[in-house]
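Visitor: Predicted model, plus sequence, below.
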Amino acid sequence: MTLRLWLVKRQVRKMFRPKAHRDASVEVIGEHFAKTLTGLEGKMPGAPKDAVITPVSEGAVRGDWISAPGARDDRVFYYLHGGGYVWGSPKAYHDMGYRLSKLCKARVFLLDYGLAPEVQAPTQLNESLAGYDHVIAKYPDASIVIGGDSAGGGLAHSTTIAIRDTGRKALAGSALIAPWVDITGSGDSVKDNLWKESLLDARSLLMAADGFRGELAADDPICSALFAEQNDLPPTLLQVGQDEILRDDSVRLAAKIKAAGGTVKLDVWPKVYHVWHRSAAIVPEARKAMTDIRDFCEPLWAA
């Protein structure tokens, strides 16, 4: 672990998992999580001046196209942000979108989907599919990789399954960062890593899940893509931290994809915190993880 990772991880834990919350109520923990994320939003790095950002608001589709110099029209990275389904926006992901565009030489579309509890499932999936249709309409000849982190990773995988099941243009690949694909919280790591986790609190995460799923069961594949059939999926990359409560979401998903005959690469990183990629401006391990996404995607474009 580099010194920079250690310092940032320490600060993340101090902000999101204060010792005073060890015995706090779920409501207090949930409110603190949302307040902390909102407070950080204005401090997150934006895209540099050479980024081309084009807002989209067309019917059900809202989001931002972002491109770095050299981005190609035949490559699109369709990215869904994290935030437990209760927080997040394309603006908060401009830096990450730009980095993906620069590394992959791809156009990046950051979807702005509805947030819980005001918007509940399956609306987010329907919005994501509409976003995918928008991407295809704008760049019909492009190879498309889907990606996302945390809740956005779960939504990205639900979208991948829906793309398969509805006969839409096939994805070239999928790159998911600590995807939340089981909102029931049944993975062993939810308990095993309860106090090791630096950012998420399993108790408030389950509360967020209830706000997101609406009238659907928590194990409905629309909400928890882990419980869907995993056959006939594009090559998939999964990156997650060893000490995360969501670690076993990725571990179990990788096993199911492999058992169904699919191609999957599971990378479990030691010592990192949830979606450490967001610190790529200062943390070497974050830049390496982003480069690994580039390396995974490169042979998939126009394959």
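Guide: Received, thanks. Worth saying up front: this structure is predicted, and the values here are computed from it rather than measured.

Visitor: hey, where'd the helices end up in the stretch 51-200 of the chain?
Guide: In the stretch 51-200 of the chain, the helices defined using DSSP state H, counting those that start in this stretch lie at 94-104, 123-138, 151-166, 188-192.

Visitor: of all those helices, which lies closest to Thr36?
Guide: Relative to Thr36, the nearest member of the helices of the stretch 51-200 of the chain by Cβ to Cβ is helix 151-166, separated by 16.1 Å. Quick note: C-beta positions are derived from backbone N, CA and C, even for glycine.

Visitor: Just list what that closest one packs against, helices and strands only.
Guide: For helix 151-166, the elements it packs on are strand 72-80, helix 123-138, strand 143-149, strand 173-177, judged by 3 or more Cβ pairs under 8 Å, 6 or more residues apart in numbering; DSSP states H and E.

Visitor: low pLDDT regions in the stretch 101-250 of the chain?
Guide: Along the stretch 101-250 of the chain, the model assigns pLDDT under 70 to no residue.

Visitor: Glu27 should be in a helix, yeah?
Guide: Yes: Glu27: assigned to a helix according to DSSP: H, G, I helix; E, B strand; the rest coil.

Visitor: Could you check how many residues crowd around it?
Guide: Burial of Glu27, expressed as a neighbour count using other Cβ atoms under 10 Å, amounts to 11.

Visitor: Just give the closest residue to it, not the sequence neighbours.
Guide: Distances taken as Cβ to Cβ, 6 or more residues apart in numbering put Met207 closest to Glu27, at 7.7 Å, once the chain neighbours are dropped.

Visitor: in the host helix or strand of that neighbour, what's buried?
Guide: Taking DSSP states H and E as the definition, Met207 sits inside helix 202-213. Residues of helix 202-213 classed as buried: Ala202, Arg203, Ser204, Leu205, Leu206, Met207, Ala208, Ala209, Gly211, Phe212, Arg213 (neighbour count, 16 or more other Cβ atoms under 10 Å).

Visitor: Spatially nearest residue to the second one, not counting backbone neighbours?
Guide: In this structure, Arg203 finds its nearest non-sequential neighbour in Val26, 4.9 Å apart by Cβ to Cβ, 6+ apart.

Visitor: From Thr123, how far off is the spatially closest residue to Thr166 that is not a sequence neighbour?
Guide: Leaving out its chain neighbours, the residue that sits closest to Thr166 by Cβ to Cβ, 6+ apart is Leu129, at 7.5 Å. The gap separating Leu129 from Thr123 is 11 Å, by Cβ to Cβ, to the nearest Å.

Visitor: go on, Ile66?
Guide: Ile66 sits 24 Å away from Thr123, taking Cβ to Cβ as the criterion.

Visitor: Specify which residue of those two has the higher count of neighbours.
Guide: Shown here are Ile66 and Thr123; by other Cβ under 10 Å, Ile66 has more neighbours (27 against 16).

Visitor: mind listing what the more buried one touches?
Guide: Contact partners of Ile66, counting by Cβ atoms under 8 Å, 6 or more residues apart in numbering, are 47, 51-54, 90, 94, 97-98, 101, 108-110.

Visitor: who's in contact with the residue nearest to Thr166?
Guide: For Leu129, the contacting residues are Thr159, Ala162, Ile163, Thr166, Arg168, by Cβ under 8 Å, 6+ apart.

Visitor: out of these, who's nearest Thr38?
Guide: The closest of the contacts of Leu129, once distances to Thr38 are taken by Cβ to Cβ, is Thr159, at 25.8 Å.

Visitor: Grab the nearest non-local neighbour of that closest one.
Guide: Using Cβ to Cβ, 6+ apart and skipping the chain neighbours, the partner closest in space to Thr159 is Ser128 (4.4 Å).

Visitor: same question, Leu37
Guide: Trp87 (4.7 Å).

Visitor: Does the one you found touch Thr36 like I think?
Guide: No: assessed by Cβ atoms under 8 Å, Trp87 is found out of contact with Thr36, at 9.7 Å.

Visitor: Comparing those two, which residue is more hemmed in?
Guide: With neighbours defined as other Cβ under 10 Å, Trp87 and Thr36 compare such that Trp87 has more, 21 against 16.

Visitor: re the thing from before, spit out the residues that contact Trp87 and Thr36 alike.
Guide: With Cβ under 8 Å, 6+ apart applied, the contact sets of Trp87 and Thr36 do not overlap.

Visitor: check contacts around the most centrally placed residue in the chain.
Guide: The chain has Asp149 as the residue nearest its centroid, 1.4 Å off, counting by Cα atoms, centre = their mean. The neighbourhood of Asp149, defined by Cβ under 8 Å, 6+ apart, consists of His81, Gly82, Leu176, Ile177, Ala178, Pro179, Val275, His277.
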